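> Got a predicted structure here, sequence first:
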Amino acid sequence: MGGAPVETTRVGIVGAGPAGLLLSHLLHLSGIDSVVLDARTREEIEATHRAGILEPGAVAALVDGGVSDRVLRDGDRHDGIVLRFDGEDHRIDLKALTGRSVWLYPQQDVFADLADRRAADGGDVRFGATVTEVLEPDSRRPGVRFVDADGAARELRCDLLVGADGSRSACRRALPTEESRLLFHEYPYAWFGIIAQAPRSTDELVYTESEHGFALVSQRNATHQRHYFQCDPATDATDWDDERIWAELQRRVAGPDGFALREGPIVERSVLRFRSLVVEPVRHGRMLLVGDAAHTVPPTGAKGLNLAFADVQVLHDVVGRWLRTGDDDVLNDYRHRAGERVWRAQHFSSWMSAMLHARPGEEPFERRRRLAELRMVAESEHGRAFLAEGYTGWDTPPVAGP
Ligand code: PHB
């Protein structure tokens, strides 16, 4: 075989979303080379709307990690969230309960900050580079075949291959089926998400339970707002015009207090599926998965990016120790240290989802039970603290060995 030109690097990273770029940035700070490949263009990634809430740990990764402090200037610190049910607001004071706040800062901005930082530092990030094959993940020289942005076939070989390639991960498909399990749950509801050109309706996020279904009032900035409402997973977003969407949102947030959303033209609309997925184990030889490639959470609670960043911080640490010791067993520490948090986030996301959403055909008994649960969470200090701890995120367990 004539073969494609072969390049080499220390850590090959598939996926230039926030997880792949943060890993590449942290490795760079530690003097470890990496190459990042992503099939999408930078513009395509920047146009993808994802959640917008950062836990304090994710903010620290950006600010203290030297990526950018733009989140502190352009983002909004939120010291609380609101649970709305029976038409009334119940505020959860995150700051008073945990000493921690969250930040509203859209994932596109996180991505842009990371992509700019990598570019400024001369990082090797290749957009428009499509991986066609994962090569020998359990060898000492794993790699990928890919087609670069100019359509040329190439090969990358590395010491460690990291799949940061999202929920439809090509790296995940290269795991041997007899060794790895996919634990999967699909929910019988979805979110209809919109971006509206409108002023803010509320200062904090409002998670609303109503007899017409769940709605979430979120924000983006002074001129654009993000809202969601529960819908059937088979909903076609193009079937819904602005008038119908606003009417649906308004009736869900309505209450005796007369609250109403401030309306405006809807500039984005899409349906988000609700899925939970965990891959176990996330390591095969010298290939590891991070972020959505390793686990997916439903959007309630906005854990996806936060979890991905936590993975990457652990992995960065583990890679440093692995290179110092030369012992492949060290790579298992990643799974042990990141895994517990993954399951906490799975529980938290599915708990919040189940508490706030009606399943199709829900019996009146079950709705009353959910309302009792919401009331217990909102009215008990311990209930509020449990929600606040999960919402603001958990600390990562410390390093096990030397
Ligand atoms: C968002 O603003 O996109 C968002 C916020 C909170 C969530 C999910 C999504 O729980």
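Thanks, I have it. Numbers count the residues shown, from 1 in each chain.

> Residue 313 belongs to a helix?
Yes - applying DSSP: H, G, I helix; E, B strand; the rest coil, one finds residue 313 inside a helix.

> per-residue confidence for it?
pLDDT for residue 313: 97.

> So what's the residue count around it?
Neighbourhood size, residue 313 [other CB atoms under 10 Å]: 21. C-beta here means a position set from N, CA and C on the backbone, and glycine is covered the same way.

> Look up how far residue 24 lies from the residue of the stretch 101-250 of the chain found nearest the ligand.
Residue of the stretch 101-250 of the chain nearest the ligand, by CB to the nearest ligand atom: residue 218 (3.4 Å). According to CB to CB, to the nearest Å, residue 218 stands 29 Å off from residue 24.

> So which residues on the chain come close to the ligand?
Listed as neighbours of the ligand in the chain under the rule CB under 6 Å from any ligand atom: 51, 52, 53, 205, 218, 226, 299, 300, 301, 302.

> Residue 106 is in contact with the second one, correct?
Yes - the pair formed by residue 52 and residue 106 meets the contact definition of CB atoms under 8 Å, at 4.4 Å.

> Any chance you could list residues touching both of those two?
Common contact partners of residue 52 and residue 106 (CB atoms under 8 Å, 6 or more residues apart in numbering): residue 220.

> can you tell me which helix or strand residue 390 belongs to?
For residue 390, the enclosing helix or strand under DSSP states H and E is helix 381-392.

> how about that helix: buried residues?
For helix 381-392, burial by neighbour count (16 or more other CB atoms under 10 Å) applies to 383, 384, 385, 387, 388, 389, 390, 391, 392.

> Over to stretch 289-301?
Going by 16+ other CB under 10 Å, stretch 289-301 has these buried residues: 289-301.

> Quick check on the residues of the chain next to the ligand: which are buried?
By neighbour count, with 16+ other CB under 10 Å, the residues of the chain next to the ligand hold 51, 52, 53, 205, 218, 226, 299, 300, 301, 302 as buried.

> Pull the contacting residues for the last one.
To tie it back to what came earlier, the one meant is residue 302. By CB under 8 Å, 6+ apart, the neighbours of residue 302 are 51, 52, 53.

> In the stretch 301-402 of the chain, what residue spans correspond to helices?
Remark: helices assigned in the stretch 301-402 of the chain by DSSP state H, counting those that start in this stretch are 304-325, 332-356, 364-379, 381-392.

> And those: which comes nearest residue 214?
Shortest distance between residue 214 and those, using CB to CB, is found for helix 332-356: 4.9 Å.

> Surely residue 118 forms part of a strand?
No - looking at residue 118 with three-state DSSP, it is helix, so not inside a strand.

> Give the burial count for it, as a bare number.
Count around residue 118 with other CB under 10 Å applied: 22.

> was I right about it contacting residue 27?
No - applying CB under 8 Å, one finds residue 118 not in contact with residue 27, separated by 10.7 Å.
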